[in-house]
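In: Sequence first, then the predicted structure:
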Amino acid sequence: MSYGDIWIADLLSDEKKWNLDGPDGNIKYWHDLRKEPRSFFSRQTGDGSVMVWATFGFNGQVGLAFLDGQQNSPKYTRKSSYAICRKHRGTKLGISA
């Protein structure tokens, strides 16, 4: 097996969590530049986030999962592994941390 063959068989993953009400400093919205900016954000309950988990392989994106609500380890593992396995059903995958 050559070095190139290893990369063809490899899968990479990453996740990003966005707080929808903007407490992390990423407050952005589309608006008409000819008008005054308006504020649409309020933080009353502290809720409102989404986590996007993606897997990439040699040929591009393999899986995409949206994780909503509170995540614990079993729930996160089950949802993220489903995003990989639904595309590679029947394929032997070696998952490393």
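Out: Yep, it's here. It should be emphasised that the depicted structure is a prediction, and the values quoted were computed from it without experimental measurement.
In: residue ranges for the strands of the chain, please.
Out: 12-19, 49-57, 60-68 (DSSP state E).
In: who does residue 18 bridge with?
Out: Under DSSP bridges, the beta-bridge partners of residue 18 are residue 50.
In: wait, residue 65
Out: Residues in a beta bridge with residue 65, per DSSP bridges, are residue 53.
In: Now do it against residue 74, distance only.
Out: Plainly put, residue 65 is 15 Å away from residue 74 if you go by C-beta to C-beta, to the nearest Å. Bear in mind the C-beta positions are built from the backbone N, C-alpha and C, glycine included.
In: Which residue of the two possesses the greater neighbour count?
Out: residue 65 (19 against 8; other C-beta atoms under 10 Å).
In: Quick check: which ranges of this structure have low pLDDT?
Out: 1-4, 6-7, 20-30, 38-48, 80, 83-97 (pLDDT under 70).
In: wouldn't residue 56 be in contact with residue 10 here?
Out: No - in this structure, residue 56 is not within contact of residue 10 by C-beta atoms under 8 Å, at 9.4 Å.
In: Now tabulate the strands of the chain in TSV and tack on distance to residue 31.
Out: Listed next are those as TSV, based on distance: least, C-beta to C-beta, whole Å:
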stretch	distance to residue 31
strand 12-19	19
strand 49-57	22
strand 60-68	26
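In: Can you tell me the closest non-neighbouring residue to residue 54?
Out: Excluding the flanking residues, the one nearest residue 54 by C-beta to C-beta, 6 or more residues apart in numbering is residue 64, at 5.1 Å.
In: Now for that neighbour: which residues touch it?
Out: Taking C-beta atoms under 8 Å, 6 or more residues apart in numbering, we find residue 64 in contact with 52, 53, 54, 55, 83.
In: I'd guessed residue 51 sits against residue 15; true?
Out: Yes - here residue 51 reaches residue 15: they are 5.8 Å apart, a contact under C-beta under 8 Å.
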